[in-house]
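Novice: need the 3D shape of this:
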Amino acid sequence: MHTRLIVVILLHLISFDIYAASKSDSLQQLEVAAPYLELHTGSGGGFPIFHVVERGELVKIIQKRARWFKIRTANDVEGWVHFDQMSQTIAPNGDPIEFSQTTQDDFIERNWEYGVLGGDFGGSPLFSVYGAYLFNPGFATELSYSKSIADKSSSTYYKLGIFMQPFPDFEYSPYFHLGTGSIKSVPISIAPQSTQRAQFANISFGIRKHLTERVILRLEYSNYVILNATNANDDNEEVREWKAGFAVFF
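Specialist: Got it, this is the predicted structure:
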């Protein structure tokens, strides 16, 4: 239940950050300066055009989704218009309109980042949520919570670390991460068994890519060393992990 709540809240925050129009864009009243605007039933070129707004008519922006705007006409018709057409609208007094856009420079200079990832931890499926604060474009600290469920046990681990991004201006920006934390493993069995706890250290390598607006794609491979793991030889245990997912930044 606790895990589901975390995921639901984070996905809600991501959706709000990606899809909500900024205060400067939302509910603006604009005049169509192009010959017409094409209204689609959804926010994508694959959605059909169902209405056309002619030059000189007034519209209001009510929502923004990446490079698509949901507008309302004077006759209360609502539909989605692409940024390229919306950029040809003007203010009712004739002044040009400039819409806020998130650029690659905004991505490089971001301060906060949070996201959701899924993948594999030692052969078992996992999901992970994280938040990061960037001291500068190449250096940040990160806190994450992860959950992995295998056939015989489930593992929960918290990790705190630092990541370094030596080429933040690259389109596909590589990074490496050093972290440490605590892992708890709970056997899945009818018979009562003890919960196992251990510390770990890890190193990760990955790639970030700014996709659109405030959305980031992240791919990562990690190697964990679980210290004094409980096994036949009482040695440290190594676990490999890969994961991929999306994040937002601000």
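Novice: any idea how far Ile62 is from Val77?
Specialist: 12 Å (C-beta to C-beta, to the nearest Å). Quick note: C-beta positions are derived from backbone N, CA and C, even for glycine.
Novice: Glu54 versus Ile216, what's the distance?
Specialist: 39 Å.
Novice: which of those two has more neighbours?
Specialist: Ile216 (20 against 10; other C-beta atoms under 10 Å).
Novice: that one - that's part of a helix, no?
Specialist: No - Ile216 is assigned strand when assessed by DSSP: H, G, I helix; E, B strand; the rest coil, not a helix.
Novice: contact partners for the residue nearest to it when sequence neighbours are not counted?
Specialist: Distance criterion C-beta to C-beta, 6 or more residues apart in numbering; nearest residue to Ile216, sequence neighbours excluded, is Ala247 at 4.4 Å. Contact partners of Ala247, counting by C-beta atoms under 8 Å, 6 or more residues apart in numbering, are 14, 113-116, 130, 215-216, 218.
Novice: likewise Tyr36?
Specialist: By C-beta under 8 Å, 6+ apart, the neighbours of Tyr36 are 52-55.
Novice: emit the ChimeraX select command for whichever of the residues you listed are buried.
Specialist: Buried subset of those, written as a ChimeraX selection, criterion 16 or more other C-beta atoms under 10 Å:
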select :53
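Novice: could you identify the pair within the contacts of Tyr36 that is furthest apart?
Specialist: Using C-beta to C-beta, the two most remote members of the contacts of Tyr36 are Val52 and Arg55, lying 10.5 Å apart.
Novice: relative to the whole chain's centre, how far out is stretch 103-119?
Specialist: How far stretch 103-119 lies from its chain's middle: 7 Å, per C-alpha atoms, centre = their mean, to the nearest Å.
Novice: how far does it stretch from start to finish?
Specialist: Taking C-alpha to C-alpha, to the nearest Å, stretch 103-119 runs 29 Å from one end to the other.
Novice: and that stretch, which residues are buried?
Specialist: For stretch 103-119, burial by neighbour count (16+ other C-beta under 10 Å) applies to 107-108, 110, 113-117, 119.
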